[in-house]
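1. Need a 3D model of the following:
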Amino acid sequence: LIPVDTACEVLKRRKAYGIVATIHVQNEVMIQGLLPTLIGRLSYGKDTAGVLYRRDLVKYLRQNRLDVESLQMFPVAPNSRAKTMALIEKEYPQLVADSDGNHLDIYLRGNTKGAAIAALAKHLSVAKEDIVCIGDNTENDSTMFAVSGLKFAMGNAEQTLKDMADYVVAGNDEDGVAEA
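-> Here you go, the predicted structure:
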């Protein structure tokens, strides 16, 4: 988990870059600002039904002393993605900022899908060859592919991930998960 003080510092600094942020805390997604909340609901519809609105994320986190699972940043201003990635790399070496082109996922270094699956597999005594995964983003999903026995890449996946996959299925919008 990202310590509360670090998460609050990053959240405060992102304002200078024109970035809308959501946070993942205790298996809930929270967003600051009524306008971003409304835009998100109009853009993503039912996918945002569970997103909780908070007037001030930093204040909420500090008052409740909550560590953060991850931050998602949605760049609005030009060059804000690159500036934020550079800031994280330079000033927060304990964090990783991954980008899929639309947003940034910021999380504690070492907290990857692969690490989570490996830990769960160990806890449940599941062998690697019994693990199946589906992905579309090399940065985000390659660690998961490394610990899985059977790997599916979505049709819209990056070529590098498709090359790592055992099978390539239809894309996100063509029911690729069902095909797998």
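
2. from here on, contacts and neighbour counts on C-alpha atoms
-> Noted.

3. A strand includes E129, no?
-> No - E129 is assigned helix when assessed by DSSP: H, G, I helix; E, B strand; the rest coil, not a strand.

4. Can you give me the neighbour number for the residue nearest to it when sequence neighbours are not counted?
-> In space, and not counting its chain neighbours, E129 is closest to G149: 3.9 Å by CA to CA, 6 or more residues apart in numbering. Neighbour count for G149, taken as other CA atoms under 10 Å: 15.

5. P78 now?
-> 10.

6. what does F152 give?
-> 25.

7. give me phi/psi at the nearest residue to L52 once chain neighbours are set aside?
-> Leaving aside its sequence neighbours, L52 sits nearest to M30 (CA to CA, 6+ apart; 4.5 Å). In terms of degrees, to the nearest 10, the main-chain angles of M30 are phi -130, psi 150.

8. Please apply the same query to E89.
-> According to degrees, to the nearest 10, E89 has phi -60, psi -40.

9. same deal with the one 3 residues further on?
-> For Y92, the backbone dihedrals (degrees, to the nearest 10) come out as phi -130, psi 70.

10. gap between the residue in the chain sticking out farthest from the centre and I131?
-> Computed with CA atoms, centre = their mean, the residue of the chain farthest from its C-alpha average is S125, at 26.7 Å. According to CA to CA, to the nearest Å, S125 stands 11 Å off from I131.

11. Same question for E158.
-> 21 Å.
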